[in-house]
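Trainee: Below are the sequence and a predicted model; questions follow.
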Amino acid sequence: SKITGKDRLTHYDAALNSARERQLLIESDIRDGLEREEFDVWYQPIVDARSQMMVGIEALARWPRRPDGELKPDEFIPIAETSGLIYSLGQFVLRRACSDLQPLEDLKLSVNISPAQFRDPEFENKVSGVLETCRFPAHRLQLEVTETYVLENPERARSAIDNLKALGTAVALDDFGTGYSSIGYLRRFNFDTIKIDKSLAGMVDDDEQASALVSGTIRIASALGMLVVAEGVENEKQVKLLKQAGCDQLQGYYFSKPMPLHDILQLRLQRLG
Ligand code: C2E
Ligand code: CA
Ligand code: CA
Ligand code: CA
């Protein structure tokens, strides 16, 4: 090969640069997107495992109006996090979701919160401000956080969770089963709800061992008094097994994909009509 060590290094640098450049580009696009109000919030129903009636909704950020088509939250959320833009984006999602769902009185609203937002000492005050502005009852709101947040600063996590609960807002542990911590450890925080991640919940119909692992996890969380929600439910067999394992609520494509507010309202009208 004619490629010398030096050329190879330059090439490698170029590859690194382009990933970094793409990130910077997206970062500045997010900033513009926020200013131009290009972001949107979609909603995915959460159903009661027994009645299969919609009891809640998870708000999910969407960014459909990018020049190169839709960019998924798995890509733009991490960039918003490292650039600090998550504060405005997160605040936007919370405000929009509370105002959109305010009229749907019997539905609970669940909103994802990044560790960075939670780190903000003003976070609880901001939540309380949004609730007031939107006249959204605190008990209808649930905030979803991941274990990363709890492990990063357990003391702050504990006080933030307790402050939010004092406001009347519920707190859910999101993505359970993707990290390293045990339920035993996480029990020491006052989570109201535990959300079993789709990678774990989806195993319930794989084989006996996997199924035993999933149902064991659900049983322990239930026994600890937490409401248990399984996400990523895609087929009837999973519904049956998760219900048997004691899951309280289910969420996934089997019931509904995330959709714009308009479609959620239609769904409600159909049910009432
Ligand atoms: P998440 O919090 O675990 O949300 C559930 C994700 O699983 C959503 O992906 C949802 O569309 C997808 N999903 C739901 N049911 C099924 C199913 O049956 N099968 C499969 N394969 N997937 C299903 P989405 O909307 O692309 O969001 C990805 C992640 O981005 C979220 O994962 C969350 O961590 C983050 N995210 C989304 N919106 C926000 C936000 O407003 N703030 C923050 N901080 N993070 C957000
Ligand atoms: Ca979530
Ligand atoms: Ca998840
Ligand atoms: Ca998550």
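Mentor: Nice, I can see it. Computed from a predicted model, the values in this text were never measured in an experiment. Ligands and ions are numbered 1, 2, ... in the order given.

Trainee: C-alpha only now, for contacts and for neighbours.
Mentor: Noted.

Trainee: How about the residues of this protein by ligand 1?
Mentor: Residues of the chain lying near ligand 1 by C-alpha under 6 Å from any ligand atom: 60-61, 72-74, 77, 90, 93, 112-114, 175, 232-234, 252-253, 258.

Trainee: Recalculate using a threshold of 8 Å.
Mentor: Proximity of the chain to ligand 1, by C-alpha under 8 Å from any ligand atom, involves residues 41-42, 44, 58-62, 72-75, 77, 86, 89-90, 93-94, 111-115, 144, 174-175, 197-198, 231-234, 251-254, 256-258.

Trainee: Which ones among those map onto strands?
Mentor: The strands, defined by DSSP state E, take in 41-42, 44, 58-62, 111-112, 144, 174-175 from the residues of the chain next to ligand 1.

Trainee: residues in contact with the spatially most central residue of the chain?
Mentor: The chain has Asn112 as the residue nearest its centroid, 3.9 Å off, counting by C-alpha atoms, centre = their mean. Residues near Asn112 by C-alpha atoms under 8 Å, 6 or more residues apart in numbering: Ala59, Leu60, Leu143, Glu144, Val145.

Trainee: Please repeat the previous calculation with a cut-off of 6 Å.
Mentor: Leu143, Glu144 (C-alpha atoms under 6 Å, 6 or more residues apart in numbering).

Trainee: For it, list each beta-bridge partner.
Mentor: Counting by DSSP bridges, Asn112 forms beta bridges with Glu144.

Trainee: What spatial separation is found between it and ligand 3?
Mentor: Remark: distance between Asn112 and ligand 3 (C-alpha to the ion, to the nearest Å) = 10 Å.

Trainee: what does the chain have sitting close to ligand 3?
Mentor: Asp175, Asp197 (C-alpha under 5 Å from the ion).

Trainee: Kindly recompute the last result at 8 Å.
Mentor: For the chain, the contact set with ligand 3 under C-alpha under 8 Å from the ion comprises Asp174, Asp175, Phe176, Lys195, Ile196, Asp197, Lys198, Ser199, Glu231, Gly232.

Trainee: For Leu261, grab the count of nearby residues.
Mentor: By the measure other C-alpha atoms under 10 Å, the count of residues near Leu261 is 18.

Trainee: how much space is there between it and Arg268?
Mentor: 11 Å (C-alpha to C-alpha, to the nearest Å).

Trainee: ok, and what's touching stretch 171-185?
Mentor: Contact with stretch 171-185 is made by 142-146, 191-197, 200, as judged by C-alpha under 6 Å, 6+ apart.

Trainee: Can you tell me which of the residues you listed is nearest Asn17?
Mentor: Closest approach to Asn17 among the contacts of stretch 171-185 (C-alpha to C-alpha): Thr146, at 30.6 Å.

Trainee: show me what contacts the closest one?
Mentor: Applying C-alpha under 6 Å, 6+ apart to Thr146 gives the contacts Leu173, Asp174.

Trainee: all numbers from here: first residue = 645
Mentor: OK, 645 is where the count begins now, so the last one is Thr790.
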